[in-house]
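# Here is my input; please provide its structure:
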Amino acid sequence: MYKKPLYHYCTLETLMTITKNRTVRLSDITKTNDGLEMLWVKRAYADIVEKVLWQKYHEAMRVGTTDINDWAIRRTVDMIKEYGEREQTKTWALCLSEDGDSLNQWRGYANNGEGVSIGFKLDYISKLGSSCISDDIRNYSKIAPVEYNKETLEREIYQLLSGINRMDFNTADQHIIDNLGIIERMAPFYKNPSFEKENEWRVTFSTNNQIFNGFNFSIPLKRNDDFLSYFTPLEYGFYVRNGRIVSYIDFKMVTPKDAIEKVIIGPTAKVSEYDIRLLLMKYEFLHDRYDKHITITHSKSSYRI
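So this is what the prediction gives:
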């Protein structure tokens, strides 16, 4: 079982925001740098549904049953494909990595190595993925590693569809539709294999789009001390990134001294370990300059711009 810190790569400006406000931010998952974000799983599901239904059709034709026809199959497959291209659930994510000193991630997420990677304690950040956040069944949260193996994804989908051959078509059709909610929850945790070197984990919070009401959106919290003693939801809002309007939810760290285990300074950063220590002292992540419970170190990457 993984027990080490999970690292969030960011710019120095983001580090300032995190420490000054004592917040972590979950951003709209559809606005990441992966053009197939969420679609990777939905399209795989549609493709496998199509294969399974045509297999069922040909088997029915072979034995002479008539409860299924090609028109019905095309209707169901088209509906699943159309569903997959729409955003049924709004999901926000905090992206983390098992690797705190990755050259690719310095380049991509930390201002070409001028930023830092923040190593959050696993037991602390896991509270954000607690299913205890909300009483509302339309809301759910999770923390888990990302899976990059397409064969693993396909096995999961086939498992969801197991038993379809023993159902009549109407029952099978409804079973396929009922699985869409499960697919929506799976989608943030499977990515294209080209991202495998990121060794990513995600903390997600998702809500059905129906929960948005007028101008206001708030998370209906459970009165759960185990969660609320670590985090408090602060704000639902928007910012602009790379020409896109991105929604976010900020969570305030109630006990910031318990949240961070390590900070790694990027290979091209112009800051010292002492700069980082003073910053963490100022905003009460460290008690004083003798407090060593957060390790501060430089990247070992020999990267030059």
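
# okay, CA-based contacts and neighbour counts for the rest of this
Will do.

# Surely Val146 and Glu200 touch.
Yes. With contact defined as Cα atoms under 8 Å, Val146 reaches Glu200; the gap is 5.5 Å.

# ranges for the helices of the stretch 1-150 of the chain?
12-21, 39-63, 70-84, 103-109, 122-125, 150-160 (DSSP state H, counting those that start in this stretch).

# buried sites along the longest one?
The reference is to helix 39-63. The neighbour-count check on helix 39-63 (16 or more other Cα atoms under 10 Å) flags 39-46, 48-50, 52-54, 56-57, 60 as buried.

# repeat for the last one
Residues of helix 150-160 classed as buried under the neighbour-count rule (16+ other Cα under 10 Å) are 150, 153-154, 157-158, 160.

# chain center to the next helix-or-strand element following it: distance?
Scanning forward in sequence from helix 150-160 by DSSP states H and E, the next helix or strand is helix 169-178. When distances are taken as Cα atoms, centre = their mean, to the nearest Å, helix 169-178 is centred 28 Å away from the chain's centroid.

# got the angle for helix 169-178 vs helix 39-63?
170 degrees (axes from the mean of the first three to the mean of the last three Cα atoms, to 10 degrees).

# could I get helix 169-178 in PDB with only the CA atoms?
Extracted in PDB, the C-alpha atoms of helix 169-178 (Å, rounded to 0.1, in the frame of the first residue of the first chain):
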ATOM      1  CA  PHE A 169     -32.800  -7.000 -25.000                       C
ATOM      2  CA  ASN A 170     -34.900  -4.600 -23.000                       C
ATOM      3  CA  THR A 171     -33.300  -5.600 -19.800                       C
ATOM      4  CA  ALA A 172     -29.800  -5.500 -21.300                       C
ATOM      5  CA  ASP A 173     -30.600  -2.100 -22.800                       C
ATOM      6  CA  GLN A 174     -31.600  -0.700 -19.400                       C
ATOM      7  CA  HIS A 175     -28.500  -2.400 -17.800                       C
ATOM      8  CA  ILE A 176     -26.200  -0.500 -20.300                       C
ATOM      9  CA  ILE A 177     -27.900   2.800 -19.500                       C
ATOM     10  CA  ASP A 178     -27.800   2.200 -15.700                       C
END
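
# what about Lys42, distance to Asn149?
Applying Cα to Cα, to the nearest Å, the value for Lys42 to Asn149 is 15 Å.

# cool, Thr19 as well?
Where Asn149 is concerned, Thr19 sits at a distance of 36 Å (Cα to Cα).

# Tell me which of the two has more neighbours.
Ranked by neighbour count (other Cα atoms under 10 Å), Thr19 and Asn149 place Thr19 first, with 19 against 13.

# ok, now which ones touch that one?
Going by Cα atoms under 8 Å, 6 or more residues apart in numbering, Thr19 touches 279-280, 283, 285.

# Check Ser229 too.
Applying Cα under 8 Å, 6+ apart, the residues contacting Ser229 are 254-255.

# Repeat the analysis, applying 10 Å as the threshold.
With contact taken as Cα atoms under 10 Å, 6 or more residues apart in numbering, Ser229 is in contact with 127, 253-255.
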